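Q: sequence plus predicted model, see below.
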Protein chains: 2
Amino acid sequence: MLTGSTTTENRQPVSAVQRIERGLLEEIGAGELAPGQRLDEAGLASRFGASRTPVREALSRLTAQGVLVQGEKRGVFVAEYSREQQSQMFEAMHEIEAACARIVAQRLDFLSRSEIEAAQADCVKAAEVGDRTAYLRANEAFHQAIYKATGNPYMAEIASEFRQRTGPFRAKKFASREDLLSSAQSHQALLDSIFSKDAAAASKSMRDHMAVSFLETLKAN
Amino acid sequence: MLTGSTTTENRQPVSAVQRIERGLLEEIGAGELAPGQRLDEAGLASRFGASRTPVREALSRLTAQGVLVQGEKRGVFVAEYSREQQSQMFEAMHEIEAACARIVAQRLDFLSRSEIEAAQADCVKAAEVGDRTAYLRANEAFHQAIYKATGNPYMAEIASEFRQRTGPFRAKKFASREDLLSSAQSHQALLDSIFSKDAAAASKSMRDHMAVSFLETLKAN
DNA sequence: CCCTACTATTTTGTATGCAAAAGAATTTGT
DNA sequence: ACAAATTCTTTTGCATACAAAATAGTAGGG
């Protein structure tokens, strides 16, 4: 969304701050750093082979982005959310995703349609062989292709950020091959409505998709 | 949105980082720091009576939030947006605001209705006496009351952040007493539809309100 | 006058040290 | 045995110094 990018777009050396920030984001997204877990400046400095200064800066940036939270007096923790908060986050996410679907239905062009279809084909392939890791990656790419097709970087960024935040608990619903196949099938229904260019239908279809997704996520957590 | 809060909720001393971050946010919002303007670590350190360390941290946090952007090789600048980017930002803002209106129409209760009405009364009062500063403040409070009424802090936070980002160029449309009155009147139409509890009408009404708002902003800039 | 090379200056990223605050452990008193 | 006080340790926020990178300024040559 309105957050700064941590991707290196130019050929600049990656600063220690960026390395640490990125490394932590990956660990949080992968569930290696659990919600509520405390992060330790000195330990991280040692782990990432840097001094406390860039560690502090990376931690501070991540608190500014809401990924980490600062304790009242001391300590920085991985943000955790109650069930109610998760539900509110999903609600907001539903709204954003539905808006994205509507916008895409209105402004779909040949290129973005192709990109979305390619991403869906990857989802289907990964689901059929029951490759969970590949499916998670393909699923993300699928949704990213939809965001890109909005042609609005701000919509794309908000949506991406919600996906990142909800990623760890969302990932738990993809336990079996059947789960993967079901998800990929759900995508197809969604795409049919988007490709119909009926904005209202696309929006509704995305809401339905997200609602099912949320229920499955609740069951899996 | 999903950014960390910079408000001090407990009785903790305000750190230099927080002071600097807040000070810069205020200056940007007030237009005292113009889009594209370069910020200078040493100058800020001197200005805020601190060393470079907290200045760097504050700047880094604000780049993480997208309020500032880092130059390719050096320098930190106030983020600036092309007309197209502003348009995209407004589009995203329209979606969020329309979603907020719909949610409020669905879940309005006595307390939130009262709060919104009180905020609108302040807008009307400020508009009638032609007090621009008071109107800007009341207008923000009005929109904040709507966000609060969603009962969803994530929706509220995204919406607030868009308002903060678009604030400087939006403020320019409130030049005369007539502008203020017109805006306050537009609010009333919006509220009628929200208070009707018709979610679709509320959503549409907010879209209309935002569309007019955007056109006026274009004219004033 | 323009271009290149060199030097000086500025900016950036980070390491280290220090003081204050907070928390944990130990000691003392009842 | 328990509570309060004291001491020790850890954490936090920040200042300062240093080295590397980037930029600006100057001199010399064509």
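A: Yes, it's here.
Q: close to DNA strand D: what parts of chain A are there?
A: Residues of chain A that fall close to DNA strand D, judged by C-beta under 7 Å from any atom of the strand: A:Gln12, A:Asp40, A:Glu41, A:Ala42, A:Arg52, A:Thr53, A:Arg56, A:Gln70, A:Gly71, A:Arg74, A:Gly75, A:Val76. Where you see a C-beta, it was placed from the backbone N, CA and C, and this is true even at glycine.
Q: need the contact list for A:Lys197.
A: By C-beta atoms under 8 Å, 6 or more residues apart in numbering or on different chains, A:Lys197 lies in contact with A:Ala105, A:Gln106, A:Leu108.
Q: can you tell me the element A:Leu180 falls in?
A: Assigned by DSSP states H and E, A:Leu180 belongs to helix A:177-195.
Q: which residues of chain A score low on pLDDT?
A: Flagging of chain A using pLDDT under 70 yields the residue ranges A:1-12.
Q: mind giving me the domain ranges of it?
A: What automatic domain parsing lists as the domains of chain A is A:16-78, A:83-220.
Q: circling back: so what does the helix or strand just after the helix holding A:Leu180 touch, helix or strand wise?
A: Per DSSP H and E, the first helix or strand lying C-terminal to helix A:177-195 is helix A:199-220. With contacts taken as 3 or more C-beta pairs under 8 Å, 6 or more residues apart in numbering or on different chains; DSSP states H and E, helix A:199-220 sits against helix A:83-107, helix A:153-170, helix A:177-195.
Q: need the ones you listed in CSV (columns: mean neighbour count).
A: What follows is these, written out as CSV (neighbours: other C-beta atoms under 10 Å in any protein chain shown):
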stretch, mean neighbour count
helix A:83-107, 21
helix A:153-170, 20
helix A:177-195, 18
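Q: would you tell me which of the domains of chain A gets closest to B:Glu91?
A: B:Glu91 sits nearest to domain A:83-220 of all those, at 5.7 Å, using C-beta to C-beta.
Q: measure A:Asp198 to B:Ala99 for me?
A: As for A:Asp198, its distance to B:Ala99 is 19 Å (criterion: C-beta to C-beta, to the nearest Å).
Q: my bad, A:Ser60
A: 31 Å.
Q: so who does the closest residue to DNA strand C within chain A touch?
A: Closest to DNA strand C within chain A is A:Ser51: 2.4 Å, counting by C-beta to the nearest atom of the strand. Going by C-beta under 8 Å, 6+ apart, A:Ser51 touches A:Ala45.
Q: just want the most central residue of chain A.
A: Centrality entry for chain A: nearest residue to the mean C-alpha point is A:Arg163, 2.4 Å, by C-alpha atoms, centre = their mean.
Q: contacts for stretch A:153-162, please.
A: Contacts with stretch A:153-162, where a contact means C-beta under 8 Å, 6+ apart, come from A:1-3, A:89, A:92-93, A:96-97, A:99-100, A:103, A:143-144, A:147-148, A:150, B:1-2, B:85, B:88-89, B:91-92, B:95, B:158.
Q: go again using 7 Å as the cut-off
A: Residues outside stretch A:153-162 that contact it (C-beta atoms under 7 Å, 6 or more residues apart in numbering or on different chains): A:1, A:3, A:89, A:92-93, A:96-97, A:99-100, A:103, A:144, A:147-148, A:150, B:1-2, B:88-89, B:92, B:95, B:158.
Q: same thing with stretch A:169-182?
A: Counting by C-beta under 7 Å, 6+ apart, A:Gln86, A:Ala126, A:Ala127, A:Gly130, A:Arg132, A:Tyr135, A:Leu136, A:Ser183, A:Glu216, A:Thr217, A:Ala220, A:Asn221 sit against stretch A:169-182.
Q: list buried members of those by neighbour count.
A: Neighbour-count burial (16 or more other C-beta atoms under 10 Å in any protein chain shown) is assigned, among these, to A:Gln86, A:Ala126, A:Ala127, A:Arg132, A:Tyr135, A:Leu136, A:Ser183, A:Glu216, A:Thr217.
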